[in-house]
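Visitor: below is the sequence, then the predicted model.
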Amino acid sequence: MATLLTLADAHLAYGHRALLDGASLALHEGERVALIGRNGEGKSSLMKVLAGLERPDDGELQLAAAVAGAGPARAYVAQEPAFGDGASVFDAVAEGVAEARALRERFEQAAHDHAAAEELDRLHALVDAHQGWTWEQRVREALQRLALDGAAQVAALSGGQRKRVALARALAAAPALLLLDEPTNHLDIDAIEWLQELLARRRGALVFVSHDRAFIDAVATRIVELDRGRLRSYPGSFAAYEAAKARELEAEALAHARADKLLAAEEVWVRKGVEARRTRSVGRVARLVRLREQRAARREQLGRVRLGVDAAPPGGRIVAELDAVSMRFGERLLIDRFSATLLRGDKVGLIGPNGVGKTTLLRLILGELVPTAGTVRRGTRLEVAYFDQMRAALDLEATLAHTISPGSEWIEFGAGASRPVRKHVMSYLGDFLFAPERANSPVRTLSGGERNRLLLARLFALPANVLVLDEPTNDLDIDTLELLEQLLQDYEGTVFLVSHDRRFLDNVVTSTIAWEGDASFGGRPGLWREYEGGYEVWKEQRERARVVRPVSLPPALAAPSGPLAAPAPPGAPARVKLTYREQRELEALPARIEALEAEQRLIAASLADPAFYAREASRAGELSRRHEEIEQQLMSCLERWEALGAR
């Protein structure tokens with residue numbers, strides 16, 4: 001397999017920090033490489049080096065003939081693509097074929113001016129090589145494939161639509177090497193799945209930066225990690241990468257431990273008395289110097305974010321009850337007769353394309369909007385913490401410390417508890433990998449991933465029993481994503497999650513509210529349905545429903561809004577495979593029920609004993625309340641056990 005690109009011993013530093021420290025990479029024809037790494041490691045800078053937009057401080061980048069020239073042989077799509085002022089979508093996409101367009105115009109002008117035959121032949125060959133005769137067709141095909149209106153103005157488009165325009169510009173160029181930096185940001189799930197299928201079928205080479213594990217598994221043939229300035233290659237799936245990485249880190253930790261032990265022993269030796277210094281070996285002293293230099297030059301692996309959330313006292317059992325709720329803005333119907341009951345402890349995912357009303361539905365649930373029709377009954381004692389997708393709540397000029405704890409150096413957790421815990425803001429920022437010297441830096445100096453991390457830090461410092469997370473995964477590195485997953489799985493409160501990260505949804509949510517207003521699935525405008533399980537369960541049930549319900553089915557005959565069971569063969573009960581999280585929950589429920597019943601029996605025995613009132617009459621009210629709480633918990637556990645067991 002021919003090599004398209006080779007990066008050898010590349011070095012790149014900004015200030016005192018080395019982003020590339022002897023990095024090397026070889027890219028072959030047809031390869032699809034996923035570039036991963038921590039936030040701030042330098043992935044975007046490396047992509048710009050590969051795209052020829054930046055030069056490394058040292059090292060060499062060699063390109064094969066197929067990509068050595070300028071123009072469409074190498075195309076790069078940045079995280080935040082830039083476009084000319086006042087450009088239409090067609091003009092912006094046509095920039096990808098600018099060289100082919102210019103060559104054809106030169107040929108046509110030369111033919112009009114009756115240029116020499118040799119010049120015409122040369123230009124004709126160049127136009128052929130750049131597929132210049134069909135550049136308009138390539139632009140129109142790219143617009144059609146990405147569902148873009150060529151007459152629209154780029155300035156009026158949303159972030160997701162602008163990313164589509166940038167992708168269309170790169171695809172129209174038909175490059176031998178395509179470089180994509182976070183291509184799934186701002187795209188909804190349908191667009192992400194469409195893009196991954198397109199890239200998997202594409203013949204040319206591809207390098208892309210992504211933290212979407214499902215996208216990586218579907219597209220990549222190889223994973224390359226940028227870790228402490230070096231590039232490490234891992235063939236195969238993301239799961240194979242994780243296993244190999246764990247083995248590497250374990251071996252690295254052992255090697256460092258051995259080196260540190262040897263260095264400590266040599267330091268003790270060199271500091272011995274006068275007699276030892278007279279007889280010490282010159283070679284041994286030289287080895288000590290080398291050990292000191294190696295220890296000083298070692299770049300340790302970054303720590304992991306330590307996530308924890310300040311939980312408010314639990315609210316009522318019901319968080320929200322929606323009965324035939326509809327929401328209309330002018331002539332547009334976003335939500336049509338949706339009903340659901342959301343309980344304390346539910347982890348609810350909201351799925352749907354951009355612009356169909358996910359945020360509107362959330363605001364209805366939280367009581368921030370009044371429905372056009374229907375009723376919403378909210379629970380009691382709800383404390384809501386909201387993660388804003390657009391980071392609108394961040395003051396870019398405020399310092400990190402002020403953002404986390406305005407007017408105080410301390411953060412208090414469990415304010416309602418008998419013994420609240422206090423933590424210094426510097427220590428708390430350190431839990432989220434912000435060095436103490438950055439605590440007084442303004443927010444505007446942070447990268448996108450760091451701003452998301454700061455938002456999470458502020459969110460988890462708020463006492464809450466309801467978390468609303470609107471696209472929390474954008475720009476977060478994979479390590480932080482996995483830790484956030486674990487925290488949300490263990491969180492005892494209620495979670496509402498809007499995300500286009502399918503793996504994240506599957507690992508966190510227990511139920512899904514999905515938009516199904518697509519006519520191709522027999523839907524109607526404003527149709528939302530509730531499902532048990534995560535994204536993969538919803539996708540499977542949607543596909544089954546599409547087979548069972550013909551596309552031509554009139555909307556009036558479509559299934560009503562509300563929890564939808566999977567279609568099953570006649571005579572067979574409908575069953576849905578439990579997720580791993582649900583299976584663990586089902587296995588733990590009997591022990592939980594037994595423990596609650598045992599506690600309830602002890603309380604009942606105490607309350608029935610006359611001697612108890614003589615000894616501890618003041619505790620009678622407390623125990624009675626606890627007896628009632630256990631009764632409610634038992635009912636919830638039994639209902640959940642029955643629901644999971646039936647599936």
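Guide: Arrived safely, thanks for sending. Residues are numbered from 1 along each chain as shown.

Visitor: now do the buried residues in the host helix or strand of residue 99.
Guide: Taking DSSP states H and E as the definition, residue 99 sits inside helix 98-112. Using 16 or more other C-beta atoms under 10 Å as the test for burial, helix 98-112 gives 99, 100, 101, 103, 104, 106, 107, 110. For glycine as for every other residue, the C-beta is placed from the backbone atoms N, C-alpha and C.

Visitor: isn't the last one right up against residue 121?
Guide: No. The pair formed by residue 110 and residue 121 falls short of the contact definition of C-beta atoms under 8 Å, at 10.4 Å.

Visitor: I'd like the buried residues of helix 98-112 as a markdown table, with pLDDT and distance to residue 199 appended.
Guide: A markdown table is the format used below for these (pLDDT from 0 to 100; distance: C-beta to C-beta, whole Å):
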| residue | pLDDT | distance to residue 199 |
| --- | --- | --- |
| 99 | 83 | 23 |
| 100 | 84 | 22 |
| 101 | 83 | 25 |
| 103 | 86 | 28 |
| 104 | 86 | 28 |
| 106 | 86 | 33 |
| 107 | 87 | 33 |
| 110 | 84 | 38 |
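
Visitor: from those residues, pick the one nearest residue 158.
Guide: Among the buried residues of helix 98-112, residue 101 lies closest to residue 158 (C-beta to C-beta), at 27.7 Å.

Visitor: gap between that closest one and residue 95?
Guide: 9 Å (C-beta to C-beta, to the nearest Å).

Visitor: same thing with residue 494?
Guide: For residue 494, the distance to residue 95 - C-beta to C-beta - is 47 Å.

Visitor: quick one, which of the two is more surrounded?
Guide: residue 494 (24 against 18; other C-beta atoms under 10 Å).

Visitor: tell me the confidence at that one?
Guide: Residue 494 is assigned 91 on the pLDDT scale.

Visitor: cool, and residue 309?
Guide: 59.

Visitor: center of this structure - which residue?
Guide: Central residue of the chain (C-alpha atoms, centre = their mean): residue 473, 3.0 Å from the mean position.

Visitor: can you pull the contacts of that one?
Guide: 211, 481, 484, 499, 500, 501, 504 (C-beta atoms under 8 Å, 6 or more residues apart in numbering).

Visitor: how about a cut-off of 6 Å?
Guide: 481, 499, 501, 504 (C-beta atoms under 6 Å, 6 or more residues apart in numbering).

Visitor: tell me which element the last one falls in.
Guide: Right, the one you point to is residue 504. Assigned by DSSP H and E, residue 504 belongs to helix 502-508.

Visitor: which strands and helices sit next to that helix?
Guide: Applying 3 or more C-beta pairs under 6 Å, 6 or more residues apart in numbering; DSSP states H and E, we find helix 502-508 packed against helix 213-219, helix 478-490, helix 535-548.

Visitor: other residues contacting it?
Guide: 213, 214, 347, 349, 473, 485, 488, 499, 534, 535, 536.

Visitor: mind checking the SS state of the fourth one?
Guide: Translated: residue 349. Here residue 349 is strand, with the state taken from DSSP: H, G, I helix; E, B strand; the rest coil.

Visitor: any idea how far it is from residue 151?
Guide: Residue 349 is 36 Å from residue 151, by C-beta to C-beta.

Visitor: for the second one, same thing?
Guide: Using C-beta to C-beta, residue 214 is found at 34 Å from residue 151.

Visitor: what's the answer for the third one, then?
Guide: Remark: distance between residue 347 and residue 151 (C-beta to C-beta) = 43 Å.

Visitor: who's more crowded, these two?
Guide: More crowded of residue 347 and residue 151, by other C-beta under 10 Å: residue 347, with 21 against 8.

Visitor: so that one touches residue 513, yeah?
Guide: No. Contact status for residue 347 versus residue 513: not in contact, 11.7 Å apart, counting by C-beta atoms under 6 Å.

Visitor: on the three-state scheme, the residue nearest to the centre of the chain is what?
Guide: coil.

Visitor: what residues of stretch 127-137 count as buried?
Guide: For stretch 127-137, a neighbour-count test (16+ other C-beta under 10 Å) marks 127, 130, 131, 132, 135 as buried.

Visitor: wait, the first one touches residue 104, no?
Guide: Yes. In terms of C-beta under 6 Å, residue 127 counts as a neighbour of residue 104; the distance is 5.2 Å.

Visitor: which residues touch residue 63?
Guide: Contacts of residue 63 (C-beta under 6 Å, 6+ apart): residue 5.

Visitor: next one, pLDDT for it please.
Guide: Confidence at residue 63, expressed as pLDDT, is 84.

Visitor: measure it to residue 97 for me?
Guide: Between residue 63 and residue 97 the computed distance is 21 Å (C-beta to C-beta).

Visitor: do the same with residue 228
Guide: 40 Å.
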